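Novice: Curious how this folds, go ahead:
(chains A and B)
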Protein chains: 2
Amino acid sequence: MTLFDLSHPIRSSMPVYPGDPAVAIESALSITTDGVNVAQLHLGSHTGTHLDAPAHVFANGRTVDQLDLALLDGAAYVVQTTVTDPTTLTGRAVQLDNVDPLPKWLPNIVCVATGWDRYFYHPLREDHPFIDIELARTLWDRGARVLGVDTLSPDPTSEHCQNWPVHDFWLGNDGVVVENLRGLTRLADYVNMSILPLSLQGGDGSPVRAVARQT
Amino acid sequence: MTLFDLSHPIRSSMPVYPGDPAVAIESALSITTDGVNVAQLHLGSHTGTHLDAPAHVFANGRTVDQLDLALLDGAAYVVQTTVTDPTTLTGRAVQLDNVDPLPKWLPNIVCVATGWDRYFYHPLREDHPFIDIELARTLWDRGARVLGVDTLSPDPTSEHCQNWPVHDFWLGNDGVVVENLRGLTRLADYVNMSILPLSLQGGDGSPVRAVARQT
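Specialist: The predicted structure is shown next:
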């Protein structure tokens, strides 16, 4: 069995979603003066590879500590696009006819692989492909409850637009969204994943160390 | 298969190791004004249930992002104490003759269950049992590389003492220490665990959402 790390490293001043808090990691204790190194972390709840709980968008939505961990640990299906050149997806919707044929029944976790994680440190990261609402509905109808993407968001990213149809649909149905996954395109279609959030009480989201296990 | 959450919740002003940074979680964006809830997290790298990388104690030690995830994901053995009343362990070493007989060969991950996690919110948390260095050496010699405890530390906790023999031995041998695990006493001896840190670049430690899987 091979373990794949699906998370971007977390570091000071790393890219964040427009308007989100900046990431700063500083020394709190040091071996020289205190005998140990301890860092102080300042970061937003949606830093790097992370998940959105329903409370991200809905005031009465489920919070991170209320998520069912069993939903976030187990069988996963990875949807690969049929696009030869991913740049043709720049700023465009990934539709049903842009992906390999879907199985009739899907496991809890479904990730859509576009390869856009390669632009995480490039301005193109905000012109990412997004998930067509009809594709999202189809994934949900076939059993998916955790929707993972390798982009900043399953909806278009724009600082001045507050229209998030996939978030509204998915989180409104008490599902979970996972953003900024890394390395999805090299995975098989059926794998095992863990996407476990920190137990942030009342939290709207959490960074995760997502992994895939593949035989 | 049943999934057990082995992590304490993370919240503002939660207990921390003496001298470590305080935890504060505050709102950065809100649904009312921004359309979404996003929190800003301020916390130490050794908050709540967390792991220590060798860089916690050794300047040239391996950092969190350099840990082999395969070591932190898989078979685990849980050592239960033979003590009927755990309070008899207050501030004392857990020795080889305080635990059930150990198998000759141990998996990567070994956790010592004392039940002390019940005192995480009580002043007694700092008078926790610790791991006798001979017990630690025995666990290492039989194959353990990740040592988990349900206390603040496998060494005695004292603000004025910088003598950490188990940390020095375990991290000095490039192992990993996991602290503040929760609910170990209810687990079977052989389980499957994931103890995955955030990918903190250059990090000395990281909070984790540790889980056990038991059939």
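Novice: who does the host helix or strand of residue A:74 pair up with?
Specialist: Taking DSSP states H and E as the criterion, the element that holds residue A:74 is strand A:73-80. Taking DSSP bridges as the criterion, strand A:73-80 pairs within the sheet with strand A:109-113 (parallel), strand A:190-194 (antiparallel).
Novice: Highest mean neighbour count out of the ones you listed?
Specialist: Mean neighbour counts were compared across the strands paired with strand A:73-80 using mean count of other Cβ atoms under 10 Å in any protein chain shown; the top stretch is strand A:109-113, at a mean of 25. (C-beta placed from N, C-alpha, C; glycine too.)
Novice: Show me what the next helix or strand after that strand is packed up against.
Specialist: Reading on from strand A:109-113 to the C-terminus, the next helix or strand found by DSSP H and E is strand A:130-131. The elements that strand A:130-131 packs onto, with contact taken as 3 or more Cβ pairs under 8 Å, 6 or more residues apart in numbering or on different chains; DSSP states H and E, are strand A:93-94.
Novice: how about a cut-off of 10 Å?
Specialist: strand A:93-94, strand A:146-149, helix A:165-172 (3 or more Cβ pairs under 10 Å, 6 or more residues apart in numbering or on different chains; DSSP states H and E).
Novice: So for chain B, which of these sits nearest?
Specialist: Using Cβ to the nearest Cβ as the measure, helix A:165-172 is the one of the helices and strands packed on strand A:130-131 that comes nearest chain B, at 8.3 Å.
Novice: now what about the closest one, what contacts it?
Specialist: A:52-58, A:61-62, A:93, A:130-133, A:135-137, A:139-140, A:144-147, A:149, A:153-156, A:164, A:175-177, A:204, B:35-36 (Cβ atoms under 10 Å, 6 or more residues apart in numbering or on different chains).
Novice: Buried ones among those?
Specialist: With neighbours counted by 16 or more other Cβ atoms under 10 Å in any protein chain shown, those contain buried members at A:52-58, A:61-62, A:93, A:130-133, A:135-136, A:139-140, A:144-147, A:149, A:153-156, A:164, A:175-177, A:204, B:36.
Novice: Bridging across strands, which residues link to the residue nearest the centre of chain A?
Specialist: Using Cα atoms, centre = their mean, the residue of chain A that lies closest to the mean C-alpha position is residue A:179, 1.8 Å off. Using DSSP bridges, the beta-bridge partners of residue A:179 come out as residue A:50.
Novice: Tell me who's in contact with it.
Specialist: Taking Cβ under 10 Å, 6+ apart as the contact definition, residue A:179 lies against A:17, A:46, A:48-52, A:147-154, A:205, A:208.
Novice: Run through chain A and note the low-pLDDT ranges.
Specialist: Within chain A, the segments meeting pLDDT under 70 span A:159-160.
Novice: which secondary structure element contains the residue in chain A sticking out farthest from the centre?
Specialist: Taking Cα atoms, centre = their mean, the residue of chain A most remote from its mean C-alpha position is residue A:33, at 38.8 Å. Secondary structure assignment for residue A:33, by DSSP H and E: helix A:31-34.
Novice: is that helix up against chain B anywhere?
Specialist: Yes: between helix A:31-34 and chain B, judged by Cβ under 10 Å from any Cβ of the partner chain, the touching residues are A:31, A:32, A:34.
Novice: try stretch A:57-66
Specialist: Yes: Stretch A:57-66 lies within reach of chain B by Cβ under 10 Å from any Cβ, at A:57, A:58, A:59, A:61, A:63, A:64, A:65.
Novice: Residue A:61 belongs to a helix?
Specialist: No: membership of residue A:61 in a helix is not supported by DSSP: H, G, I helix; E, B strand; the rest coil, which gives coil.
Novice: How many residues are close by residue A:45?
Specialist: Other residues within reach of residue A:45 by the criterion other Cβ atoms under 10 Å in any protein chain shown amount to 30.
Novice: so it makes contact with residue B:42?
Specialist: No: counting by Cβ atoms under 10 Å, residue A:45 stays clear of residue B:42, with 11.6 Å between them.
Novice: got any residues that touch both of the two?
Specialist: Looking at what touches both residue A:45 and residue B:42 (by Cβ under 10 Å, 6+ apart), the common residues are residue B:25.
Novice: Cross-check the contact I'm expecting between residue A:102 and residue A:82.
Specialist: No: here residue A:102 lies out of contact with residue A:82, judged by Cβ under 10 Å, at a distance of 11.9 Å.
Novice: Among the two, which residue is more densely surrounded?
Specialist: Neighbour count, other Cβ under 10 Å: between residue A:102 and residue A:82, residue A:102 has more, with 17 against 9.
Novice: what's residue A:157 in contact with, if anything?
Specialist: Residues near residue A:157 by Cβ under 10 Å, 6+ apart: A:17, A:18, A:91, A:125, A:126, A:127, A:128, A:130, A:151, A:164.
Novice: how far away is the first one from residue A:176?
Specialist: Spelled out, it's residue A:17. When distances are taken as Cβ to Cβ, to the nearest Å, residue A:17 and residue A:176 turn out to be 17 Å apart.
Novice: Could you do the fourth one as well?
Specialist: For residue A:125, the distance to residue A:176 equals 22 Å [Cβ to Cβ].
Novice: same question, the last one
Specialist: Applying Cβ to Cβ, the value for residue A:164 to residue A:176 is 15 Å.
Novice: swap in the third one?
Specialist: Between residue A:91 and residue A:176 the computed distance is 25 Å (Cβ to Cβ).
Novice: now the second one
Specialist: Remark: distance between residue A:18 and residue A:176 (Cβ to Cβ) = 22 Å.
Novice: ok, now residue A:108?
Specialist: When Cβ to Cβ is the yardstick, residue A:108 and residue A:176 sit 9 Å from each other.
Novice: what residues do the two have in common as contacts?
Specialist: In the contact map built from Cβ under 10 Å, 6+ apart, the residues linked to both residue A:108 and residue A:176 are A:68, A:71, A:72, A:145, A:146.
Novice: And what about the second one, helix, strand or coil?
Specialist: Counting by three-state DSSP, the backbone at residue A:71 sits in helix.
Novice: ok, it to chain B distance?
Specialist: Computed as Cβ to the nearest Cβ, to the nearest Å, the residue A:71 to chain B distance reads 10 Å.
Novice: OK, contacts around that residue?
Specialist: When contacts are counted by Cβ under 10 Å, 6+ apart, residue A:71 touches A:108, A:109, A:145, A:146, A:175, A:176, A:195, B:3.
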